[in-house]
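*Asks:* here is the input, now give the coordinates:
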Amino acid sequence: MRAVLLILLWTTVFTAGQKSNIRFGDQFTDIRYADPDSAGYRYCAYWELADGTHLHSTCDPYSMERCGKPVNFEYKCCSGFEEAPGMFYAYGGQKAPVCTKMISPFNDCAETVLQSVDYAAFAPGLSTVNQLKQEPSDQPYTIFAPKIGENGENGDGPLQIEQHVVKGRVYVEDLKDGMDLETLDGKRKLHVNKYPYGVTTVDCVELLDADLECKSGLIHKIRQPLGGRSVGPNVDRSSVLSFLQTYPDTREFTGDLPNQVKSDLGNVASGKRYTVLAPRNQAWAALKRRYPRQLIGQIASGHVLQGQVCSSGLIRTVNVQNTVDGHTVEIGCDLNSESHERRYVKSVCGKKHELVETDMTAANGVIHLLDEPILPLSAFTLEDLKSNKECAKALKITEFVKLLEECDLYMEPGTKYAMILPLDEAFDWWSRYEQFREEYQRFQTDKEYRCRVARYHIMKSDDRLKNIDSFASHTMGHRTNNKKDQLYETTYFKKTALGSELHFHYAPIPNMKAFELQDVSVYVTPRINVPPEQNLTDILASRPDTKLTNSKTVEAGMNEKHFRKNAPKNLYLVTTDDGWKDPRAKPGSASQLRPEHTMYKGEALEKFLLLHHVPLYLWGGDIGYFDKNTVHKFMSSAGVELTFWMDEKGVMRIGYDGLPRNEWPRVVKFNLPARDGIMWLLDGVLKCPEKVCPLYVEDIDYYDMYVSACQTSHLPNEPNAPKDFRQKPTEVASRHPDHCTVILQLSEKSVNLIEA
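*Replies:* Here you go, the predicted model:
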């Protein structure tokens, strides 16, 4: 019944897939899972490495890559069974040998090991372990039987048998990641790692086969002796520090580790585990002769990794690991000419440092022996970087390094600097970016301009630019290194779907990381920052489409009152001349402009323009602060919170709460960079709220002054002419034009603004 239900369920899903044109399984077409049952009864699948080694897997293997080469799976008899000659299993019309011969679980454990040719050399030593010879046995034991040479030795000394035996019957399914196993010698514990691809390691040694029963317990076959191939018996494994201090070829390096790192490596009780990439004595001594003492400890700590990293966990072509000092190292893996796996550390400059001995374990970690030290960028000066062509090529900064070599950078000895360092791809971006095409052409021919661009990417660091954690605020301006023309580089943090992102102007800093040279903190970016040539007022005055806003800006004194004081944090939202036109105006109207053009004077005009001003340096469009389908709010200098709305098509409109959406002006041009800020152009004005810019009406009075004179005081029909003339001269004179004259001497108009 259960099988029927499963079939019905699959039929339903498949039908739904047909209706929606979904082809189930397409995304997994490159993965081939093992099917042990197809090989025969009691067959299991194992990883098959390029050198022929088979690794036991706790899950069904699948095809994948290991160290850059495809690695598949092989079918073998499961633990405790062997192929029986003459016995076959029919499957798919073919005959396959049957794993029907059972290895007796009643045999002595040493005898069971002796039956396997590759492990026989371990049997004599195992037979000397008293706990395994007791009759009857007081308790079961688990034995890790290594593949070793015929002489029974492990490199520099005899094999330490009791370190390969633990109390209890510990099956492979009982081995959990991170657990520790107590050995018979009691000197240290064996650490277990389990990897997602099904491989299990004990003390960093992979299991080749598992769960083989014998008289005194259980046997797991492992790839090599525990503890490392060439570690002698006199090495103290009680901690990573003790190992490094007693292993003959790592003592020179160990002495130069910082005291805190030594303390951590020796503190087994903390429960923390470490991995040390330890350079050989001779190579480390050579490095010490080339670099100042204060750098040696820093270089040494860069060889210590967080956590236990066995070679079995380094199967990708590039494996990134974190060091205890907060940096990363790349460990690569490939195959040599004999198909054996080879692991190496790749320096930031692309040089490969081979791990000549791996998986030498101690109580709280593992040590891998390096042929020579890893040199971090922190050991370089800027001059070192400029002279190292191979390193520049590996870092993909060749073009900008050429520029640094060509120019006088005005960098003072002993002064710390920060540098925004464009990748080679940044120059390609610049050549294709339309807005800065003219500057790019000038860059090709004008050396002085090229050097200005180079110095524009260099700033003095007062420790605020040392690393990301030192940035004091969301938006900061930093003086660049051009003499008498120290333009700003402005930093800000942008929120993205993947987290925060640091920008210098419009140049993003991937991963929010800086690498530190001895004299410079370097921020790598895929873009070039082009230095501006003009101030905001210069741009306004020079453009033919911003003349109306320019006149208002000059009238309100915006440059003196605001732009200079806030530089470079000025975002000025400028209405174009077309944007000032009133869409309601009819042809022939006295004024074709919006009423805002004439309704604000003095303080009200300044507030109106401050509504169009944000005290931040914000790049927009396709290279700035704003992503599509986002809404941002910024406080204008007039005290009104503005809403910047970028729709799914990349069109931005700006408004505020209470302003109808159809009255929000649209940004028609982003990013006119200036020395003291940045300008965007709008297709309309932001209407000023009455609470900020109160409306006024004009009270207009007209005054006319007339002078009147008459030839005689005897005027017809004027019985009291002299008296009446003194009281109302203009009125009396106008009734007798033949005898009197009226002259307009002065005409005046008085205008008063009254708040509506």
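*Asks:* what bits of the protein have low per-residue confidence?
*Replies:* Where the chain drops to pLDDT under 70, the residues are 1-41, 86-97, 149-158, 463-464, 466-474, 486, 588-590, 695-699, 750-756.
*Asks:* nearest residue to the middle of it?
*Replies:* Geometric centre of the chain, nearest residue: residue 511, 1.6 Å, by Cα atoms, centre = their mean.
*Asks:* ok but that residue is inside a strand, no?
*Replies:* No. With DSSP: H, G, I helix; E, B strand; the rest coil as the criterion, residue 511 is assigned helix and is not in a strand.
*Asks:* tell me the spacing between it and residue 425.
*Replies:* Relative to residue 425, residue 511 is positioned 16 Å away (Cβ to Cβ, to the nearest Å). Using the backbone N, CA and C atoms, a C-beta is placed for each residue, glycine as well.
*Asks:* what does residue 183 give?
*Replies:* From residue 183 to residue 425 the distance is 54 Å (Cβ to Cβ).
*Asks:* neighbour count winner among those two?
*Replies:* Shown here are residue 183 and residue 425; by other Cβ atoms under 10 Å, residue 183 has more neighbours (20 against 13).
*Asks:* list the contacts of that one.
*Replies:* 162-166, 189-190 (Cβ atoms under 8 Å, 6 or more residues apart in numbering).
*Asks:* which one (most neighbours) among those residues?
*Replies:* residue 164 (28 neighbours).
*Asks:* SS state for the nearest residue to residue 273 once chain neighbours are set aside?
*Replies:* Nearest residue to residue 273 in three dimensions, chain neighbours excluded: residue 308, at 4.1 Å (Cβ to Cβ, 6 or more residues apart in numbering). Secondary structure, three-state DSSP: residue 308 is coil.
*Asks:* now residue 282, what's its secondary structure?
*Replies:* Of the three states, residue 282 takes helix under three-state DSSP.
*Asks:* tell me which helix or strand residue 440 sits in.
*Replies:* helix 437-445 (DSSP states H and E).
*Asks:* then residue 123?
*Replies:* Using DSSP H and E, residue 123 sits within helix 123-126.
*Asks:* also residue 44?
*Replies:* Using DSSP H and E, residue 44 sits within strand 43-48.
*Asks:* next: residue 208.
*Replies:* Going by DSSP H and E, residue 208 is in strand 205-214.
*Asks:* before we move on, the earlier item: tell me, how many residues neighbour the residue nearest to residue 273?
*Replies:* Residue 308, neighbours per other Cβ under 10 Å, totals 22.
*Asks:* give the contact list for residue 475.
*Replies:* Per Cβ under 8 Å, 6+ apart, neighbours of residue 475: 490-492, 569, 616-617.
*Asks:* partners of the strand holding residue 208, with directions?
*Replies:* strand 200-202 (antiparallel), strand 217-222 (antiparallel) (DSSP bridges).
*Asks:* how near is residue 728 to residue 718?
*Replies:* From residue 728 to residue 718 the distance is 11 Å (Cβ to Cβ).
*Asks:* with neighbour numbers in mind, choose between these two.
*Replies:* More crowded of residue 728 and residue 718, by other Cβ under 10 Å: residue 718, with 17 against 13.
*Asks:* what about the nearest residue to the more buried one once chain neighbours are set aside, how many residues nearby?
*Replies:* Closest residue to residue 718 apart from its sequence neighbours, by Cβ to Cβ, 6+ apart: residue 724 at 6.2 Å. Neighbour count for residue 724, taken as other Cβ under 10 Å: 15.
*Asks:* which other residues reach the strand or helix carrying residue 724?
*Replies:* Using DSSP H and E, residue 724 maps to helix 721-727. Outside helix 721-727, the residues that touch it by Cβ under 8 Å, 6+ apart are 708, 710, 713-715, 718, 732-733.
*Asks:* now the buried members of the residues you listed.
*Replies:* Neighbour counting with 16 or more other Cβ atoms under 10 Å marks 708, 710, 715, 718, 732-733 as buried within the contacts of helix 721-727.
*Asks:* now for those: which two are most distant?
*Replies:* Farthest apart among those by Cβ to Cβ are 708 and 718. That separation is 13.6 Å.
*Asks:* circling back: what angle do the strand holding residue 44 and strand 205-214 make?
*Replies:* In terms of direction (axes from the mean of the first three to the mean of the last three Cα atoms, to 10 degrees), strand 43-48 departs from strand 205-214 by 160 degrees.
*Asks:* measure how far strand 43-48 is from the centre of its chain, please.
*Replies:* On the basis of Cα atoms, centre = their mean, to the nearest Å, strand 43-48 sits 40 Å off its chain's mean C-alpha point.
*Asks:* tell me the one of the contacts of residue 183 nearest residue 349?
*Replies:* Within the contacts of residue 183, proximity to residue 349 (Cβ to Cβ) peaks at residue 190, which comes in at 37.9 Å.
*Asks:* if anything else comes up later, I'll come back, but that's it for now.
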